[in-house]
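**Student:** Let's see this in three dimensions:
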Amino acid sequence: MRISFLHTIESNQAVFANAAAQAGLSATQLRHIVRSDLRKAVDEGKMSDDEIHDQIRRTVGDLASTADAVIVTCATLGPIVEDIAEIAVPIIRADVALAEAASRGGRNIVVLCAVESTVEANRTLFGHYAAATGARITVRLVPGVWASFQNGDIEACLQACAQATQDAYEQGADVVALAHPWMAAAASLVQGARKPMDGARAALCAAGAGLCV
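**Tutor:** Below is the predicted model of the structure:
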């Protein structure tokens, strides 16, 4: 199986490559493109919607031409790729795959976010899929982790995410979802048998190439 990835954060390439390796995929089966400019264009609004959509459509089309599935790892681009209908292979949003997996995984779901501006979007996304299963969604902001991430203090960032995960379990959560793919490495720091879900594993599972939980 061949999988292409569209990233907007450089570090997400390693996150998804590591998850793919754990699922038994070789590097030759993967293709990664990092386009931070696409996210910047959406965030800043300096290009017209048509121009942004055209760039993303062409990028995804190129990735799809050599793949059996395309995984879009950036939630900012997600709503735009939803409108791409002419691509012959599945286009998988990592955030949607995670929300779907979490909704099937338990009844009391805690979603951990690092950026305040993403809290409401995640509440809407996870709530949409949880409505079908009756699960209860709580979205929490992990204080300080985005600043740590931007400053390059990844160890402190991941430790904070791991502690927030353990706190959620101790407070009754049966599923914890890490809203941002770069949080995935925090799972190895969580004590005990229960581990949080992350977008990389969920997306690979949705593509038929991962270790599904």
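**Student:** Please report how far residue 2 lies from residue 16.
**Tutor:** The gap separating residue 2 from residue 16 is 14 Å, by CB to CB, to the nearest Å. To be clear about C-beta, it is placed using only N, CA and C from the backbone, and glycine gets the same treatment.
**Student:** More neighbours: the two, which one.
**Tutor:** Higher neighbour count among residue 2 and residue 16: residue 16, with 25 against 14, using other CB atoms under 10 Å.
**Student:** quick revisit: which neighbours do residue 2 and residue 16 have in common?
**Tutor:** The contact sets of residue 2 and residue 16 overlap at residue 30 (CB atoms under 8 Å, 6 or more residues apart in numbering).
**Student:** what's the domain layout of this protein?
**Tutor:** The chain resolves into domains spanning 3-93, 96-197 when parsed by automatic domain parsing.
**Student:** roughly how far is the first one from the heart of the chain?
**Tutor:** Put plainly, it is domain 3-93. 11 Å (CA atoms, centre = their mean, to the nearest Å).
**Student:** next one: stretch 102-118
**Tutor:** With CA atoms, centre = their mean as the basis, stretch 102-118 stands 11 Å off its chain's centre.
**Student:** before we move on, what about stretch 91-100?
**Tutor:** Worked out by CA atoms, centre = their mean, stretch 91-100 lies 7 Å from the chain centre.
**Student:** export that stretch as CSV, just CAs?
**Tutor:** Coordinates of the C-alpha atoms in stretch 91-100 are reproduced here as CSV (Å, rounded to 0.1, in the frame of the first residue of the first chain):
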residue,chain,number,x,y,z
ILE,A,91,-8.7,11.5,1.1
ILE,A,92,-8.5,11.0,4.8
ARG,A,93,-8.6,13.9,7.3
ALA,A,94,-6.5,12.9,10.4
ASP,A,95,-8.7,14.9,12.7
VAL,A,96,-11.9,13.3,11.4
ALA,A,97,-10.4,9.8,11.6
LEU,A,98,-9.5,10.5,15.3
ALA,A,99,-13.0,11.9,16.1
GLU,A,100,-14.6,8.8,14.5
